[in-house]
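J.: Give me the fold of what follows.
(one chain, ligands or ions: 1)
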Amino acid sequence: MSVETQTCISSVKTIYQAKYGVPELFVKSPGRINLIGEHTDYNLGFVLPAAIDKAIYIAIGKRNDSEIHLTAIDLNESFSVSINDLVKSPLGWPNYIMGIVDQIKKLGLLIGGFNAVLAGDVPLGAGLSSSAAVECATVYSLNELFGLGLSKLEMVKLAQRAENQFVGLQCGIMDMFASMFGRADAVIQLDCRSLEYHYSPFDQDGIKIVLLDTCVKHSLASSEYNVRRKECEAGVAFLKTIHPEVASLRDVDFVMLEELKDKVDLKVYHRCKFIVEEIKRLQDACMDLDKKNMTAFGRKMYETHEGLSKLYEVSCKELDFLASFSKKNENVLGARMMGGGFGGCTINLVRDHAVASFIAQAEIAFQKEFKTSLKSYIVSIGDGTSVISIA
Ligand code: GLA
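T.: Next up is the predicted model:
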């Protein structure tokens, strides 16, 4: 257990005890990375995420009334609300928890009031899905606490609906799925249409996963995300008029794609082109992974970045700078921006022996270019959401 993890666990325990007495349960839910397959989840394609060794920790216990009392240690903020009066909060983070409670109520399941204290070492706003981790930690702990009987997949879907309906981001299922179903040392090959999945061992022998965090948090991230989703839907709507069997971009091949050209807005064509290519690229990349051909896999990561930047237009100058910086380093097998975009991290597959010098050089180059510092994280792949026992 890392020092950061120990600190999080002992702080949620101590603060909970000081405020409410002994907690009934501790739950951990991790952040995620995604190796390849970006913006493909809501287009019902494939994704290749994994849970990481950075997580949100929650200490929780029932109350005798119908109130929810919350404390976010890292933000030094508290919030309380009645279960019967859930309204979106300008604080932001309570919405992930209220969204879950709202969805539990919508299922007609009964829960009472509760106290919860949260802390975590998932960097916030870095594209590592700290919000999905909070949602999964919340639904998992309430499921245990109130005996709701939800399966893991039901909890994942519930968390996605919480984000879509209460928070307002029309995200796909990837982040919650990875947080809930993550497994140490394996990536999840998830088919977002059938929700079939399998774990592929991620052979990290000699390779480290390095995240370079631009620390850019774009305010347009969620509105532009929803726009991309609409643009993809516009492409599907047109193709449906010629091919009624097309239900999503997953059903579109390269011949159909050409039928879109000149018939729809160029932007819509570009968005669809990226997605159709990315769905294919991921399938090819999975074959590279099976053959342990990480050089070929890495090349596809660079192609993904190019598409996200030029066709899907969800990158930013800082992410583009880092991706091309990595490309020049022969010890970086692959790199690209990761997650929704407009800021956050690049994910880099770096040869072990070169990690320290790569990070040091990236920090210098980034500082020189943008007059601001870069953060870096070396992550490993960890297990998904679970109850943790605390001595
Ligand atoms: C965000 C969303 C996910 C997914 C990615 C892009 O993380 O929450 O559902 O769409 O962006 O791949």
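
J.: Which helix or which strand is home to the residue nearest to residue 207 when sequence neighbours are not counted?
T.: Leaving aside its sequence neighbours, residue 207 sits nearest to residue 349 (CB to CB, 6 or more residues apart in numbering; 5.3 Å). (Glycine included, C-beta is placed from N, CA and C.) Using DSSP states H and E, residue 349 maps to strand 343-351.

J.: do the same with residue 159
T.: Assigned by DSSP H and E, residue 159 falls in helix 152-161.

J.: and if you look at residue 236?
T.: Here residue 236 is assigned to helix 221-242, by DSSP H and E.

J.: Is the ligand within reach of that helix?
T.: No - residues of helix 221-242 are not located near the ligand by CB under 6 Å from any ligand atom, the shortest gap being 6.7 Å.

J.: how far is that helix from where the chain is centred?
T.: 21 Å (CA atoms, centre = their mean, to the nearest Å).

J.: same for it, what does it pack against?
T.: helix 254-260, helix 266-290 (3 or more CB pairs under 8 Å, 6 or more residues apart in numbering; DSSP states H and E).

J.: Identify, out of the ones you listed, the most deeply packed stretch.
T.: helix 266-290 (a mean of 20; mean count of other CB atoms under 10 Å).

J.: got the angle between it and helix 221-242?
T.: 100 degrees (axes from the mean of the first three to the mean of the last three CA atoms, to 10 degrees).

J.: The stretch 251-391 of the chain against the ligand: which residues are in contact?
T.: Residues of the stretch 251-391 of the chain lying near the ligand (CB under 6 Å from any ligand atom): 339-340.

J.: Residue of the stretch 251-391 of the chain closest to the ligand, please.
T.: residue 340 (3.4 Å; CB to the nearest ligand atom).

J.: what mean pLDDT does the helix holding residue 159 have?
T.: Helix 152-161 carries an average pLDDT of 98.

J.: Same question for stretch 57-72.
T.: 98.

J.: Could you list the buried residues of that stretch?
T.: 57-61, 67-72 (16 or more other CB atoms under 10 Å).

J.: Distance from that stretch to the middle of the chain?
T.: Centre to centre, stretch against its chain (CA atoms, centre = their mean), the figure for stretch 57-72 is 25 Å.

J.: and the end-to-end length of it?
T.: Using CA to CA, to the nearest Å, one end of stretch 57-72 lies 10 Å from the other.

J.: Can you get me a residue count around the nearest residue to residue 49 once chain neighbours are set aside?
T.: For residue 49, ignoring the flanking residues on the chain, the nearest one in space by CB to CB, 6+ apart is residue 178 at 3.8 Å. Using other CB atoms under 10 Å, residue 178 has 29 neighbouring residues.

J.: One more: residue 16?
T.: Residue 16, neighbours per other CB under 10 Å, totals 24.

J.: Show the contacting residues for the nearest residue to residue 107 once chain neighbours are set aside.
T.: Nearest residue to residue 107 in three dimensions, chain neighbours excluded: residue 158, at 7.4 Å (CB to CB, 6+ apart). Applying CB atoms under 8 Å, 6 or more residues apart in numbering to residue 158 gives the contacts 100, 103-104, 107, 139, 150.

J.: on that earlier part again, sort out which residues of the helix holding residue 236 are buried, please.
T.: For helix 221-242, by 16+ other CB under 10 Å, it's 221-222, 224-225, 228-229, 231-236, 238-239.

J.: where along the stretch 1-150 of the chain do the strands fall?
T.: With strands called from DSSP state E, counting those that start in this stretch, the stretch 1-150 of the chain shows them at 25-34, 46-47, 49-62, 67-72, 77-82, 114-120.

J.: Of those, which is nearest residue 5?
T.: strand 49-62 (7.3 Å; CB to CB).

J.: other SSEs contacting the closest one?
T.: Using 3+ CB pairs under 8 Å, 6+ apart, the elements in contact with strand 49-62 are helix 3-20, strand 25-34, strand 114-120, helix 130-145, helix 174-181, strand 186-191, strand 375-379.

J.: quick one: the residue nearest to residue 207 and residue 380, what's the gap?
T.: Distance of residue 349 to residue 380, given as CB to CB, to the nearest Å: 13 Å.

J.: Mutual contacts of those two, please.
T.: Common neighbours of residue 349 and residue 380 (CB under 8 Å, 6+ apart) are residue 209.

J.: neighbour-wise, which of these two wins?
T.: The residue with more neighbours, out of residue 349 and residue 380, is residue 349; 22 against 15, by other CB under 10 Å.

J.: OK, contacts around the more buried one?
T.: So residue 349 contacts 207-210, 294, 297-298, 301, 332-335 (CB under 8 Å, 6+ apart).

J.: Return the set of residues that bridge with it.
T.: Counting by DSSP bridges, residue 349 forms beta bridges with residue 209, residue 334.

J.: tell me the mean pLDDT over stretch 308-318?
T.: 97.

J.: Ends of it, what's the gap?
T.: End-to-end distance (CA to CA), stretch 308-318: 14 Å.

J.: All further residue positions should be reported with the first residue as 12.
T.: Sure thing, new numbering starts at 12, so read that last one as stretch 319-329.

J.: Cool, thanks, signing off.
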